[in-house]
Structures are given as C-alpha cells and as structure tokens.
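In: Provided below for reference: sequence and predicted model.
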Amino acid sequence: MVKAEPVPVVRPAPAPGLPAFARYAWGVLAYNVAVIVWGAYVRATGSGAGCGNHWPLCNGQVVPQLASVQRLIEFTHRASSGVDTFLSLGLAVWAFRAFARPHPARLGAALSTTFLVTEALLGALLVKLGLVEHNASPARAWADGAHLVNTLTLVACLALTAWWGGGRPRLRLAGRAAWLAGVSLGAVVLLGVSGVIAALGDTLFPAASLQSGFAQDLDATANVLLRLRLWHPMIAGATAAWLLFYTMTRPGRLAWAVAGLLAAQLAAGLLNLVLLAPVWMQMLHLFLADSLWIALVLLCATNLARTEPA
C-alpha cells in the first residue's frame with residue numbers, strides 16, 4: 001500500500017511593513033515636534049535668556065552650572081536641539097544611501113537638514129540680539145514670526161520625507177489641486193504667525209481677567225503686540241472655514257483627520273482664552289497646531305500625488 005505524501009501548506013507571505021527608513025523618519029519628526037513644544041515652554045516661562053547671550057555655549061560653558069531654573073530650561077532645550085542635529089544628519093545620510101537619484105526622499109531629507117540649520121541660526125539670532133525674556137519690541141515679533149515660518153517648513157519637509165520614504169509618489173505642482181493646497185498651507189502659516197504674536201502678548205502682558213484682556217487689546221496706547229493679538233481669533237475663524245471647504249474637495253481619512261484636529265485646535269484656543277493662557281495650555285495649543293499642520297501637509301501631498309510611484 002503506497003502512502004500518500006502530505007500536501008505542503010502554502011502560507012501567504014506576510015504583508016510588507018513600513019520600511020525602516022520611513023519608521024526612522026517618522027521618529028525624527030515626532031522628536032522635532034517635542035523639541036518645538038519644549039521651545040514654547042522656554043518662551044512662556046521667560047527662560048530664553050537662561051544661558052545669557054552666549055550661543056551655542058550656555059553661559060560660556062559646554063555643560064554649565066545649572067544655578068537657576070531658567071538656565072536648566074534653556075540648556076535642556078539647547079541640548080535636545082543638539083541631539084536633533086545628529087538625528088537629522090543621520091536621516092540625510094540614510095536617504096542618500098538608500099535611494100537612487102532622483103528619489104524625492106533624498107530632496108526631503110536634504111531640505112530637512114537645511115531648515116534645521118536655519119532654525120538653529122534663527123534661535124541664535126534671538127539670543128544674541130536680546131529678543132528673548134521681557135523684550136516686547138516689534139523686532140521680536142518679526143523674528144519670532146520668521147522662526148515660526150522656518151519651523152513649519154522644517155516640519156513639512158520631515159513629514160514629506162517620511163511619506164516618500166514609505167513608497168509614496170512624487171508631487172505634481174500644477175492645476176487646481178496645486179493652488180487649493182497652496183492657499184490652504186498659506187492660510188495656516190498666516191494663522192501660525194498671528195498665533196506667535198498672540199502668545200507673545202499673553203506672555204509679556206498677562207491679564208488679570210478676561211475683561212481686562214479685552215481692554216488691553218482695544219487700548220490705542222497699548223503695545224503693538226496687544227493690538228495685533230485681536231486679529232488672531234478672526235484669522236482662525238476664516239482659516240477654519242477655508243480648511244473645512246478644502247477637506248470636502250477630496251474627503252478621506254486624512255481629510256477627516258484635518259477636520260478633527262481643526263475642531264480640537266479651535267476648542268483649545270477658546271479654552272486658552274478663557275483660562276488666560278496658562279503655560280500648559282499654550283504648549284497643548286502648539287502641539288495641536290503642529291499636528292494639524294502635519295495632517296494638512298500630508299492631505300495636500302495626497303491630493304497632489306502623481307500616479308507613478310516614487
């Protein structure tokens with residue numbers, strides 16, 4: 001009697017996971033968001049001059065004596081930014097070794113490193129020119145606004161690097177989808193700059209009550225930061241209306257994520273106003289703003305994606 005041989009069981013191959021490079025890129029992005037939020041804590045606590053006017057050293061030392069809370073806060077921020085430099089350089093080296101020209105992940109990683117350098121230089125400029133702590137000059141508003149634009153560009157480049165590293169296609173910057181995306185991103189950048197000015201006003205001129213805060217905003221003799229603060233909620237309302245329209249042009253998971261984060265951000269902004277901008281609320285507000293920005297960048301990239309793979 002001939003024994004029948006067992007039929008081998010063919011198991012389906014496991015679905016490929018996210019490439020290691022993409023996982024690393026998402027990790028670098030998350031780390032950058034943490035550094036940015038900690039930077040808001042530095043500003044909100046008036047610790048920007050914790051290391052004096054020295055840069056990149058802290059009080060003239062590599063590892064200073066942490067004689068004050070402000071110095072500890074500022075030194076922690078600088079140290080975390082230093083770690084970020086090595087993480088971003090690693091991302092760029094990995095991208096150029098893993099992908100052939102003209103893969104867009106190489107461009108994203110190179111731009112991320114470039115804007116990280118300019119981010120550090122703008123931070124150094126704030127310190128060296130004394131545009132920190134209790135400085136309430138218009139020059140500080142301009143410098144902080146430029147810093148914010150650079151930060152958003154850096155975050156966008158990191159998000160796109162991770163997106164492309166996961167096998168996503170190139171972008172086609174033409175047609176109706178391009179100008180819709182451009183207006184959406186530009187509106188959020190404008191909102192972010194107005195938010196920086198509002199946060200500066202909250203930090204430098206804290207109000208004892210909601211009523212006194214409105215009185216400050218409407219006072220013709222008040223500091224320019226306070227008079228400009230009134231524009232932030234109006235810009236937020238207009239931007240929210242536009243983004244809701246934009247998400248409806250191509251609904252999907254990312255569109256719903258943008259809409260949900262937008263609702264959370266508006267609620268956080270209202271709560272921040274009612275609570276008179278406590279430090280923890282300013283940090284949460286900024287974290288939600290960064291999350292909304294990342295989701296919007298990815299939504300725009302999805303709407304602009306070419307059909308061929310990268």
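Out: Nice, I can see it. Numbering: from 1, shown residues only.
In: For stretch 94-113, buried residues please.
Out: Buried residues in stretch 94-113, counted by 16 or more other CB atoms under 10 Å: 94-95, 99, 103-113. From N, CA and C alone the C-beta is placed, and that goes for glycine too.
In: what's the farthest-apart pair in those?
Out: For the buried residues of stretch 94-113, the maximum inter-member distance is 15.9 Å, found between 103 and 113 (CB to CB).
In: Kindly tell me how buried residue 158 is, as a neighbour count.
Out: When neighbours are counted by other CB atoms under 10 Å, residue 158 registers 29.
In: Identify the residue nearest it in space, chain neighbours excluded?
Out: residue 29 (4.3 Å; CB to CB, 6 or more residues apart in numbering).
In: now residue 275
Out: That would be residue 281: by CB to CB, 6+ apart, it lies 5.7 Å from residue 275.
In: need the contact list for the one you found.
Out: Taking CB atoms under 8 Å, 6 or more residues apart in numbering, we find residue 281 in contact with 268, 271, 272, 275.
In: In JSON lines: the buried residues of stretch 94-113, plus distance to residue 238.
Out: Output for the buried residues of stretch 94-113, formatted as JSON lines (distance: CB to CB, whole Å):
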{"residue": "94", "distance to residue 238": "41"}
{"residue": "95", "distance to residue 238": "37"}
{"residue": "99", "distance to residue 238": "40"}
{"residue": "103", "distance to residue 238": "38"}
{"residue": "104", "distance to residue 238": "32"}
{"residue": "105", "distance to residue 238": "35"}
{"residue": "106", "distance to residue 238": "37"}
{"residue": "107", "distance to residue 238": "32"}
{"residue": "108", "distance to residue 238": "30"}
{"residue": "109", "distance to residue 238": "34"}
{"residue": "110", "distance to residue 238": "35"}
{"residue": "111", "distance to residue 238": "29"}
{"residue": "112", "distance to residue 238": "30"}
{"residue": "113", "distance to residue 238": "34"}
